[in-house]
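Peer 1: just the structure for this:
(chains A and B)
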Amino acid sequence: MSYKKDYEEKDESGSSEKLVIAQLPERTILATGIRVGTVVKTKYMENFISRTRPDGLHIIDLDKILSRIDIAGRFIARSDIKRTVVCSAREYGKKPVEMFCSLTGAIPMIGRFMPGTFTNPLFAGHIDPELAIVTDPLIDAQVVEEASNIGVPVIAICDTDNVTSNTDLVIPGNNRGRRALAAIFWLLARIVLIHSGALSPDQQLDHSIEDFETKIIEE
Amino acid sequence: MSERISLPTCTSCNRPIAPGEKAVKFYCLNCGQVVIWRCEKCRKFSRDYKCINCGFIGP
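Peer 2: Take a look at the predicted model:
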């Protein structure tokens, strides 16, 4: 019983010695709440869930999060980054998306996505993308819909309650948390820069996870 | 006079993809060697696809 409790406590906070990526301990990543899901579980996200907490929250497998981020980073680095669109209608996703795009050169689309941006060539802000990345397929449903209409692959950050229709790669993770979104985009930016040759695997990014976080200003 | 055309097939369901269908094609996300085609229905129902080169299963 005590062993089980110890194991759970250790599992919850993560080890400070185990390094997830170069010079970054597992504890730092887990402290952002990257793997904490919701109480709802869809059949599409079943494969990514490792266990359910006594309070009903589903926990996402950290290894799968990191492996999917690695795969997504490789794919983004292979494709034309100047024609990659990163969308976020979520408030907490705006700063991470801006930072990711400033580091990699992708096109940020934050806030409301104007319908017809991908499909209407007569629209002034028309973009012909090669790849679309969304922070939540539910909130950014218009992006996913238009990308599927023009045959563009979609990478989506999905929580445990998301439906992955019209999505070609799922990055499982907490897409509601301020720090979790910052951690996901920080990891993704790092992997993209490594695979595009701008950063060596042992090298640290100039920016920390905190720089990717949306700051809360109290009035 | 008729001419034979070869249609791409969906990686998930192996059905031919008709021209004009809302399908998507991309190189395998993991290895980048094999072209993966996904038909409209398989995308909609989020059916799994598997790379024949590296064995990556998506989405």
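Peer 1: who's in contact with residue A:178?
Peer 2: Residue A:178 makes contact with A:92, A:213-214, A:216, according to CB atoms under 8 Å, 6 or more residues apart in numbering or on different chains. To be clear about C-beta, it is placed using only N, CA and C from the backbone, and glycine gets the same treatment.
Peer 1: tell me which parts of chain A are close to chain B?
Peer 2: A:44, A:71-72, A:74-75, A:78, A:148-149, A:151-153, A:163-170 (CB under 8 Å from any CB of the partner chain).
Peer 1: so of these, which ones are in helices?
Peer 2: Using DSSP state H, the members of the residues of chain A next to chain B that fall in helices are A:71-72, A:74-75, A:78, A:148-149.
Peer 1: that older thread, quick one, which of the residues of chain A next to chain B are buried?
Peer 2: Among the residues of chain A next to chain B, those buried by neighbour count (16 or more other CB atoms under 10 Å in any protein chain shown) are A:44, A:71-72, A:74-75, A:148, A:152-153, A:164-170.
Peer 1: residue A:131 contacts residue A:76, doesn't it?
Peer 2: Yes: using CB atoms under 8 Å, residue A:131 is in contact with residue A:76, at 6.8 Å.
Peer 1: can you add secondary structure and give the contacts of residue A:178 back as a markdown table?
Peer 2: Formatted as a markdown table, the contacts of residue A:178 follow (DSSP: H, G, I helix; E, B strand; the rest coil):
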| residue | secondary structure |
| --- | --- |
| A:92 | helix |
| A:213 | coil |
| A:214 | coil |
| A:216 | coil |
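Peer 1: most neighbours, which of these?
Peer 2: The most crowded member of the contacts of residue A:178 is residue A:213, carrying 22 neighbours; neighbours defined as other CB atoms under 10 Å in any protein chain shown.
Peer 1: excluding its backbone neighbours, what's nearest it?
Peer 2: residue A:182 (4.2 Å; CB to CB, 6 or more residues apart in numbering or on different chains).
Peer 1: next, the buried residues of the helix or strand where that neighbour lies.
Peer 2: For residue A:182, the host element (DSSP states H and E) is helix A:178-195. Across helix A:178-195, burial judged by 16+ other CB under 10 Å covers A:178-195.
Peer 1: C-alpha coordinates for it, CSV please?
Peer 2: Output in CSV follows, covering the C-alpha atoms of helix A:178-195 (Å, rounded to 0.1, in the frame of the first residue of the first chain):
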residue,chain,number,x,y,z
ARG,A,178,-1.6,28.1,-20.0
ARG,A,179,1.7,26.4,-19.1
ALA,A,180,0.9,23.2,-20.8
LEU,A,181,0.4,24.9,-24.2
ALA,A,182,3.6,26.8,-23.6
ALA,A,183,5.5,23.6,-22.9
ILE,A,184,4.0,21.8,-26.0
PHE,A,185,5.0,24.7,-28.4
TRP,A,186,8.4,25.1,-26.7
LEU,A,187,9.1,21.4,-27.3
LEU,A,188,7.8,21.6,-30.9
ALA,A,189,9.8,24.7,-31.7
ARG,A,190,12.9,23.0,-30.3
ILE,A,191,12.4,19.8,-32.4
VAL,A,192,11.6,21.8,-35.6
LEU,A,193,14.8,23.9,-35.2
ILE,A,194,16.9,20.7,-34.5
HIS,A,195,15.6,18.9,-37.6
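Peer 1: off-centre distance for it?
Peer 2: With CA atoms, centre = their mean, to the nearest Å as the basis, helix A:178-195 stands 7 Å off its chain's centre.
Peer 1: quick check: next helix or strand after it?
Peer 2: According to DSSP H and E, the helix or strand after helix A:178-195 is helix A:209-212.
Peer 1: which residues in chain B form helices?
Peer 2: Assigned by DSSP H, the helices in chain B fall at B:40-44.
Peer 1: so what's the closest residue to residue A:140 other than its chain neighbours up against?
Peer 2: Leaving aside its chain neighbours, residue A:140 sits nearest to residue A:134 (4.0 Å; criterion: CB to CB, 6+ apart). By CB under 8 Å, 6+ apart, the residues touching residue A:134 are A:87-88, A:140, A:143-144, A:154-157.
Peer 1: I'm done for today, thanks for sticking with me.
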